[in-house]
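A.B. asks: Below is the sequence, then the predicted model.
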Amino acid sequence: MTTQAKLMSNWRWWLCSLLFVATTINYLDRQVLSLTYEEFIKPQFHWTDADYGTITSFFSIFYAIACLFAGKFVDWMGTKKGYLIAIGVWSFGACLHALCGVATANMVDGVGSVAAMKALETGSNAALAVATTSVYLFLLCRGILALGESGNFPAAVKITAEYFPKKDRAFATSIFNAGASVGALAAPLMIPPLAVKLGWEMAFIIIGALGFVWMFLWQFMYEKPEKSKHVNAAELEYIHEDDAAEAAEKAEAAASEEKPIPMLKCFTYRQTWSFIIGKFFTDGVWWFFLFWAPSYFSNQFHAPATSFLGQSLIFTLYVIVTVISIFGGYLPRIFVDKKGMHPYHGRMLAMLMFAVLPIASLLAQPLGMHFENPWWVAILIGIAAAGHQAWSANIFSTVGDMFPKSTIATVTGIGAMAGGVGSMIIQKIAGNLFTYAEQAGSAFTFMGFEGKAAGYYVIFCFCGVAYLIAWCIMKMLVPKYKPIVQ
């Protein structure tokens with residue numbers, strides 16, 4: 001072991017752990033709705049899948065618009081203040097969902113109480129009024145949630161670039177990005193029991209309040225590496241080990257001298273469009289599984305999220321995601337250290353390998369339905385979703401490879417916007433397709449499936465090939481490593 005390794009502090013990994021916790025909370029807050037939808041929200045507010053699809057698609061598009069400016073906001077405010085504001089806003093929005101039931105009951109004439117609202121006959125004018133009013137209230141809450149959550153990834157990626165050399169960024173990103181998987185993993189174990197024992201409203205409040213605890217820790221733990229009392233000279237030298245090469249390439253300058261690239265100018269670079277394409281085609285796949293998996297298991301296999309089987313299926317799915325996704329961030333480092341590849345080329349090779357994993361979703365429903373066993377679905381969707389998380393860890397790092405640090409959050413926000421637009425499209429199509437397919441019954445068929453099952457398989461087929469399509473377009477746009485020179 002070198003002297004530097006012996007003496008080096010490891011504060012960067014403590015901050016990476018804090019980013020992991022923030023991302024975990026982020027995804028817990030997103031999951032409360034999907035895990036309470038089928039058994040609590042849907043019957044109480046008389047929603048259809050089209051209503052739910054409207055809400056999830058709005059969240060996606062509002063998140064997309066917010067992401068376009070969130071990166072710029074983080075660059076402008078600075079990492080510390082920007083992250084604090086972001087998590088404060090989304091935690092407030094998460095808690096606000098709890099008031100939607102009481103607010104709807106008071107706003108719709110002739111209802112008066114939550115109990116009376118739930119007892120309305122589905123399809124009646126009063127039930128339709130309740131559904132419409134509640135959808136708008138949830139849209140407001142989801143909008144506030146999306147506004148705050150849009151700051152998470154731009155800030156986290158910026159911190160990773162500040163605290164890690166290029167060879168470690170994908171691994172560090174995979175660690176904090178695994179918070180998405182762990183949040184989704186913990187959600188079925190935490191949220192349905194809370195909803196059953198305390199009501200769905202308290203599930204939103206308790207999970208939302210976790211963000212306020214994180215804000216306290218962040219306030220006292222984060223400073224830039226040059227100012228942090230926890231970072232010694234050896235660690236600071238390691239963090240900046242790429243600086244000489246970057247200067248030689250004229251791709252990056254010292255942080256104090258850099259000028260951020262204007263947002264509109266970012267759209268003139270192929271590198272930006274490569275990132276946009278990669279996010280647009282793939283983010284919606286992850287969000288589809290995130291928002292619809294609990295409902296899918298409930299509808300197709302009679303395994304609601306409040307049942308032991310339903311919780312076990314979702315838990316198993318995200319265990320697979322968590323384990324594989326962490327390795328996904330480490331794989332490029334193997335290519336760089338052991339094979340001598342350039343970090344960008346090693347990352348693209350890893351992304352091609354992970355683009356193959358979502359093909360498993362093409363087999364999930366056929367095997368699950370043929371054997372009448374939902375475990376096939378949970379395992380194969382877990383493999384597909386793990387491919388997304390491994391892909392995501394690497395695609396975020398391509399921004400740090402090619403753009404100066406002062407512009408990383410801006411470009412990350414642009415890509416997140418593209419991902420949100422892609423997700424909005426798939427969520428809206430899915431919600432309307434499932435409602436139509438359920439009403440059409442055997443009149444709607446696809447690849448041997450009928451009714452709602454056929455609707456699900458249409459979306460699964462897109463999920464299976466989206467990553468390969470995205471990788472091919474990205475490779476055509478940026479065939480070789482080409483950093484941005486100002």
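C.D. replies: Happy to help now that I have it.
A.B. asks: can you give me the strands for the stretch 201-350 of the chain?
C.D. replies: In the stretch 201-350 of the chain, no strands are found when defined by DSSP state E, counting those that start in this stretch.
A.B. asks: low-scoring pLDDT stretches of it, where are they?
C.D. replies: Counting by pLDDT under 70, the ranges of the stretch 201-350 of the chain that qualify are 243-258, 326, 328-329.
A.B. asks: nearest residue to the residue most central in space within the chain other than its sequence neighbours?
C.D. replies: Among the residues of the chain, A180 comes closest to the average C-alpha position under CA atoms, centre = their mean, at 6.1 Å. Using CB to CB, 6 or more residues apart in numbering and skipping the chain neighbours, the partner closest in space to A180 is Y27 (4.8 Å). (C-beta placed from N, C-alpha, C; glycine too.)
A.B. asks: do Y163 as well
C.D. replies: Closest to Y163 by CB to CB, 6+ apart is R12, at 4.1 Å.
A.B. asks: Check which element follows the helix or strand harbouring that neighbour along the chain.
C.D. replies: Assigned by DSSP states H and E, R12 belongs to helix 11-36. Stepping forward along the backbone from helix 11-36, the first helix or strand reached (DSSP H and E) is helix 42-45.
A.B. asks: Next, the buried residues of the helix or strand following that following helix.
C.D. replies: Moving toward the C-terminus from helix 42-45, the next helix or strand (DSSP H and E) is helix 49-77. Applying a neighbour-count criterion of 16 or more other CB atoms under 10 Å, one finds 49, 51-75, 77 buried in helix 49-77.
A.B. asks: For the biggest helix by length in the chain, name the packing helices and strands.
C.D. replies: The single longest helix within the chain, with elements called by DSSP state H, is helix 405-440. When contacts are defined as 3 or more CB pairs under 8 Å, 6 or more residues apart in numbering; DSSP states H and E, helix 405-440 sits against helix 49-77, helix 152-163, helix 263-266, helix 270-301, helix 374-402, helix 451-477.
A.B. asks: How far off centre is the shortest one?
C.D. replies: Offset of helix 263-266 from its chain centre (CA atoms, centre = their mean, to the nearest Å): 24 Å.
A.B. asks: can you list contacts of it?
C.D. replies: Applying CB atoms under 8 Å, 6 or more residues apart in numbering, the external contacts of helix 263-266 come out as 68, 72, 272, 407, 410-411, 414.
A.B. asks: isn't M402 right up against K482?
C.D. replies: Yes - the criterion here is CB atoms under 8 Å, and M402 meets it with K482 at 6.9 Å.
A.B. asks: Look at those two and report which has more neighbours.
C.D. replies: M402 (23 against 14; other CB atoms under 10 Å).
A.B. asks: circling back: contacts only, for the residue nearest to the centre of the chain.
C.D. replies: 23-24, 26-27, 286, 389, 392.
A.B. asks: Just send the residues you listed back as a markdown table, with neighbour count and distance to S17 too.
C.D. replies: Rendered in a markdown table, the data for the contacts of A180 read as follows (neighbours: other CB atoms under 10 Å; distance: CB to CB, whole Å):
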| residue | neighbour count | distance to S17 |
| --- | --- | --- |
| T23 | 23 | 11 |
| T24 | 23 | 10 |
| N26 | 27 | 15 |
| Y27 | 21 | 16 |
| W286 | 24 | 22 |
| Q389 | 25 | 18 |
| S392 | 26 | 19 |
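A.B. asks: nearest to T306, of those residues?
C.D. replies: The shortest distance between T306 and any of the contacts of A180, using CB to CB, involves Y27 and amounts to 19.8 Å.
A.B. asks: and the closest one, what does it touch?
C.D. replies: If a contact means CB under 8 Å, 6+ apart, then Y27 has 179-184, 187, 290 as its contacts.
A.B. asks: The residue nearest to S91 when sequence neighbours are not counted: how many residues sit nearby?
C.D. replies: With CB to CB, 6+ apart as the criterion, S91 has its nearest non-adjacent residue at 3.1 Å, and that residue is G211. Applying the criterion other CB under 10 Å, we find 25 residues in the vicinity of G211.
A.B. asks: so what's G211 up against?
C.D. replies: Under the criterion of CB under 8 Å, 6+ apart, the neighbours of G211 are 25, 29, 87-88, 90-91, 94.
A.B. asks: and it, how far is that from G448?
C.D. replies: Shown here: G211 relative to G448, a distance of 45 Å by CB to CB, to the nearest Å.
A.B. asks: Equivalent analysis for K72, please.
C.D. replies: Distance of K72 to G448, given as CB to CB: 48 Å.
A.B. asks: go on, E438?
C.D. replies: Look at E438 and G448: by CB to CB, they are 18 Å apart.
A.B. asks: Between those two, which is the more surrounded one?
C.D. replies: Each of E438 and G448 has its neighbours counted (other CB under 10 Å); E438 has more, 16 against 11.
A.B. asks: roughly how far apart are the more buried one and G451?
C.D. replies: Summarising the geometry, the distance separating E438 from G451, computed by CB to CB, is 6 Å.
A.B. asks: ditto for A155
C.D. replies: Shown here: A155 relative to G451, a distance of 44 Å by CB to CB.
A.B. asks: next one: T36
C.D. replies: Note on T36: its distance to G451, by CB to CB, is 25 Å.
A.B. asks: out of the two, which sits in the more crowded spot?
C.D. replies: Neighbours per residue (other CB under 10 Å) separate T36 from G451, with T36 holding more: 26 against 19.
A.B. asks: isn't the more buried one right up against V196?
C.D. replies: No - with contacts counted by CB under 8 Å, T36 stays clear of V196, the gap being 9.9 Å.
A.B. asks: Out of the contacts of Y27, which one has the lowest pLDDT?
C.D. replies: Ranked by pLDDT, the contacts of Y27 bottom out at S181 (73).
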